[in-house]
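1. heads up, no residue letters with this:
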């Protein structure tokens, strides 16, 4: 079952398979509805199903994670659903993974050790993805 | 849009016709369950806190409120006889709205065997009486639907929550009422809530109740996770992102008011629209909270799990491709791959709401229901935190 999934996930033939969702016009990130490899084309769709644009990923973006739709500077706000979901803690390039390593909450931030563990687990996922990709 | 429901004496509309046994103290739970086994469509609500009244007022109020829920046709209240809560105190307010209600006290009735025997007879009498209630045509505007999430994953914020929100908006457009809860999970949503509150007064109320809930769950010395590592590995970066995703299930309508559940009173929604409530984020307790607010059913958005309530049917909605199974009533998977829209799934939910209101069983109805859990905020803790106001 897992094998079949991986094949689907990295198929470049079907546009639907590289689908990312941008929830609101204001958003500077889009959510991956698939696992996307490094240097692959992310197809950005709006909620109404309209295809907006394609951008290249600078690194792997695992399913459910976010990609930067444009360059975002340290201190800028991150928008998803048209609302602020946090603030950028280092410069982010268009196509980068946007997550706990470069964004923090304005309300209750995740402890540093937790962030390290989260990114470690994500890197494990990324590595597995790359292995399976070959 | 109409469905066939049971009109109660007080004018409220039930979509199920259950008999409810309320065990006012935990030691008669077994007696209550023995009685329930012998009577079809009966359910048990047990007060597992204490048989004393002091500090137990919130559950006391909830027992009465659940007895008044329109899905409950009649009630049998039982007590052991040595506790402080008299069955009459629960039975009388319920009887006052015109429901068949009876009481039973173990001590006065000659012990456990005789109480069970008498209880079965009493409950059957109530059941026979309410079984004569016909279903009649009523408008969808009579529906009060709770919305709750659990087992959340990436698909929740993208597919199942927006679909539930879409359906809640449509229900309100048709004159119905939607109720959300889980104040703890609204941290970071204050901006959004401020825009939706119908008045500054309502906003202030929302704000102070969210803050009180935050205090309860953030007492120093405890480790309460606002987000699990699994949430974040799945892609959720901040509590704001998680909360906003969860908020989607509550649609876009103005927030009319906040419905409080406390030791003084339990609010009821009065007119069409969307309400926030003090319904707990804990699943079993949330079912009873929603029932006590008068909801007839719950929309449940999930990765692929969740509770089932024996009084108010639960409609399950999931968009998780990997975990989707026959527990689910609504398939939101198409939204994830672009083959379906939130609006279309919202329409499917409305259709399902009407079918379930009409009497059609949900996928899991009568199967694996969770116990009717009375959730109560810790009175001593609330006192220490200064959450208790004089009323």
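-> Done, it's in. Note that the structure is a prediction, hence the values are computed from the model and not measured. Numbering: from 1, shown residues only, chains lettered A, B, ... in the order given.

2. Where do the strands of the chain begin and end?
-> Reading this off chain A. A:19-22, A:29-32, A:41-46, A:51-56, A:66-68, A:77-80, A:83-88, A:97-98, A:103-104 (DSSP state E).

3. I was after chain B.
-> Counting by DSSP E, the segments of chain B that form strands are B:2-7, B:13-14, B:18-23, B:42-46, B:72-79, B:101-105, B:135-139, B:144-150, B:177-180, B:255-259, B:273-277, B:297-302, B:314-318, B:330-331.

4. quick one, the fourth one and strand B:18-23 angle?
-> Yep, that's strand B:42-46 we're talking about. Note on geometry: by axes from the mean of the first three to the mean of the last three Cα atoms, to 10 degrees, strand B:42-46 and strand B:18-23 are set 30 degrees apart in direction.

5. helices or strands up against strand B:42-46?
-> In terms of contacts (3 or more Cβ pairs under 8 Å, 6 or more residues apart in numbering or on different chains; DSSP states H and E), strand B:42-46 is packed against strand B:18-23, helix B:29-37. Backbone N, C-alpha and C define where each C-beta goes, glycine included.

6. cool, and the longest one?
-> For strand B:72-79, the contact count by 3+ Cβ pairs under 8 Å, 6+ apart identifies strand B:18-23, helix B:29-37, helix B:57-68, helix B:87-96, strand B:101-105, helix B:112-130 as packing neighbours.

7. For chain A, find the nearest of these.
-> Closest approach to chain A among the helices and strands packed on strand B:72-79 (Cβ to the nearest Cβ): helix B:57-68, 26.9 Å.

8. mind showing which ranges of chain A have poor pLDDT?
-> Residues of chain A that meet the criterion pLDDT under 70 lie in A:1-16, A:127-134.

9. one more time with 80
-> Residue ranges of chain A with pLDDT under 80: A:1-17, A:48, A:108, A:124-134.

10. Pick out the residue nearest the middle of it.
-> residue A:66 (2.4 Å; Cα atoms, centre = their mean).

11. I'd like to know how far that one sits from chain B.
-> 7 Å (Cβ to the nearest Cβ, to the nearest Å).

12. these two touch, right, residue B:57 and residue B:263?
-> Yes: between residue B:57 and residue B:263 a contact is recorded at 3.7 Å, counting by Cβ atoms under 8 Å.

13. more neighbours, the two?
-> Relative neighbour count places residue B:263 above the other of residue B:57 and residue B:263, with 18 against 15, counting by other Cβ atoms under 10 Å in any protein chain shown.

14. Need phi/psi at that one.
-> Residue B:263 adopts backbone torsions of phi -80, psi -10, taken as degrees, to the nearest 10.

15. Please look at it and residue B:379 and confirm they touch.
-> Yes: with contacts counted by Cβ under 8 Å, residue B:263 reaches residue B:379, the gap being 6.8 Å.

16. Now do residue A:40 against residue A:17, distance only.
-> Distance of residue A:40 to residue A:17, computed by Cβ to Cβ, to the nearest Å: 10 Å.

17. Just give me the neighbour total for the single nearest residue of the stretch 1-150 of chain B relative to chain A.
-> Closest residue of the stretch 1-150 of chain B to chain A, Cβ to the nearest Cβ: residue B:149 (15.2 Å). Neighbourhood size, residue B:149 [other Cβ under 10 Å]: 27.

18. How about whichever residue of the stretch 51-200 of chain B sits closest to chain A: what's its closest non-neighbour residue?
-> Nearest to chain A in the stretch 51-200 of chain B, going by Cβ to the nearest Cβ, is residue B:154, at a distance of 3.2 Å. Of all residues not flanking residue B:154 in the chain, residue A:64 sits nearest, at 3.2 Å (Cβ to Cβ, 6 or more residues apart in numbering or on different chains).

19. residues contacting the one you found?
-> By Cβ atoms under 8 Å, 6 or more residues apart in numbering or on different chains, the residues touching residue A:64 are A:31, A:32, B:153, B:154, B:234, B:235, B:236.

20. Enumerate every residue touching the fourth one.
-> The contact partners of residue B:154, taken as Cβ under 8 Å, 6+ apart, are A:31, A:63, A:64, B:234, B:235, B:236.

21. Would you confirm that residue B:304 contacts residue B:327?
-> Yes: if you go by Cβ under 8 Å, residue B:304 and residue B:327 touch, sitting 7.0 Å apart.

22. Against residue B:81, how distant is the residue of chain B most remote from its centre?
-> Most distant from the centre of chain B: residue B:110, at 35.9 Å, with distances by Cα atoms, centre = their mean. Remark: distance between residue B:110 and residue B:81 (Cβ to Cβ) = 11 Å.

23. Please report how far the residue nearest to the centre of chain A lies from residue A:102.
-> For residue A:66, the distance to residue A:102 - Cβ to Cβ - is 10 Å.

24. just residue B:170 next, same as before
-> Taking Cβ to Cβ as the measure, residue B:170 falls 39 Å from residue A:102.

25. repeat for residue B:79
-> 60 Å.

26. which of the two has more neighbours?
-> The neighbour count for residue B:79 versus residue A:102, taken as other Cβ under 10 Å, is higher for residue B:79 (29 against 19).

27. Show the contacting residues for that one.
-> Residue B:79 is in contact with B:23, B:24, B:25, B:28, B:51, B:85, B:86, B:87, B:103, B:104, B:105, B:106, counting by Cβ under 8 Å, 6+ apart.

28. The same query, at a cut-off of 10 Å, please.
-> By Cβ atoms under 10 Å, 6 or more residues apart in numbering or on different chains, the contact set of residue B:79 is B:22-25, B:27-28, B:31, B:47, B:51, B:85-90, B:103-108, B:115.

29. and if you look at residue B:349?
-> Applying Cβ under 10 Å, 6+ apart, the residues contacting residue B:349 are B:145, B:160, B:163-168, B:170-171, B:299, B:301, B:315, B:317, B:329-330, B:332.

30. quick revisit: is the nearest residue to the residue of the stretch 1-150 of chain B closest to chain A once chain neighbours are set aside bridged to anything, and to what?
-> Spatial nearest neighbour of residue B:149, chain neighbours left out: residue B:301 (4.4 Å); criterion: Cβ to Cβ, 6+ apart. Here residue B:301 sits in beta bridges with residue B:149, residue B:317, going by DSSP bridges.

31. Please work out how many residues are found near residue B:301.
-> Using other Cβ under 10 Å, residue B:301 is surrounded by 33 other residues.

32. Thought residue B:335 was touching it, still the case?
-> No: look at residue B:301 against residue B:335 with Cβ atoms under 10 Å: they stay out of range, at 11.9 Å.
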